[in-house]
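Student: with the input below, show me the fold.
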Amino acid sequence: MNRDDEHLDLLAIFHYVYAAMMAMSACFPMIYLGIGIALVSDVFDQVAKDQGAKVLGVILIIFATLAIILVLVFATCVYFSGRCLNRRQGRLYCIVVTAIMLLNVPFGTCLGIFTVCVLMRPSVEGLFEQSNTSLNQLEFVDDGHKDG
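Tutor: Residues are numbered from 1 along each chain as shown. Next up is the predicted model:
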């Protein structure tokens with residue numbers, strides 16, 4: 001196994017770990033979701049009479065739900081980026097996901113920089129092209145049916 005293969009395999013593992021960390025971090029907005037549900041459902045007796053608290057509860061529910069969905073969708077994208085790195089397919093997809101990962105300081109930035117450095121090597125680009133051409137050369141088995 002050459003150096004590029006080792007680097008791509010390590011990056012794939014790090015993408016899986018980072019995706020799991022992101023998925024676990026989606027639990028933090030659930031605190032705000034619980035507070036919002038409590039405000040809307042009149043759990044607090046003194047706050048139940050205040051209409052502003054119910055509006056705040058709805059806002060908390062909306063933003064917490066959006067944050068959870070956004071984090072889980074991006075964690076899924078990072079996971080599939082790791083699969084693409086493992087299979088040596090979808091280089092452009094990996095670069096796009098990595099560019100978004102650069103915004104997540106500090107772990108996403110570190111992993112993103114290393115991923116971009118590896119994916120921009122001409123030898124790695126050749127590995128991805130080689131994998132794509134081998135997939136394109138697969139032939140479908142003729143089952144004996146003729147059209148016409």
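Student: CA only for contacts and neighbour counts going forward, please
Tutor: Will do.
Student: so where's the protein shaky on pLDDT?
Tutor: For the chain, the stretches with pLDDT under 70 are 1, 45-49, 134-148.
Student: could you redo the last one with a cut-off of 50?
Tutor: 141, 148 (pLDDT under 50).
Student: quick one, longest helix in it?
Tutor: In the chain, assigned by DSSP state H, the helix with the most residues is helix 51-87.
Student: off-centre distance for that one?
Tutor: Computed by Cα atoms, centre = their mean, to the nearest Å, the chain-centroid distance of helix 51-87 equals 11 Å.
Student: from V71, how far out is P106?
Tutor: 16 Å (Cα to Cα, to the nearest Å).
Student: same check, this time on V78
Tutor: The value you get for V78 to V71, if Cα to Cα is used, is 10 Å.
Student: so the two - more neighbours on which side?
Tutor: V78 (26 against 19; other Cα atoms under 10 Å).
Student: need the three-state assignment for I113.
Tutor: helix (DSSP: H, G, I helix; E, B strand; the rest coil).
Student: check which helix or strand the residue nearest to R91 when sequence neighbours are not counted maps to.
Tutor: Spatially, and ignoring its direct neighbours in sequence, R91 is nearest to F128 (6.7 Å; Cα to Cα, 6 or more residues apart in numbering). Secondary structure assigned from DSSP states H and E places F128 in helix 122-136.
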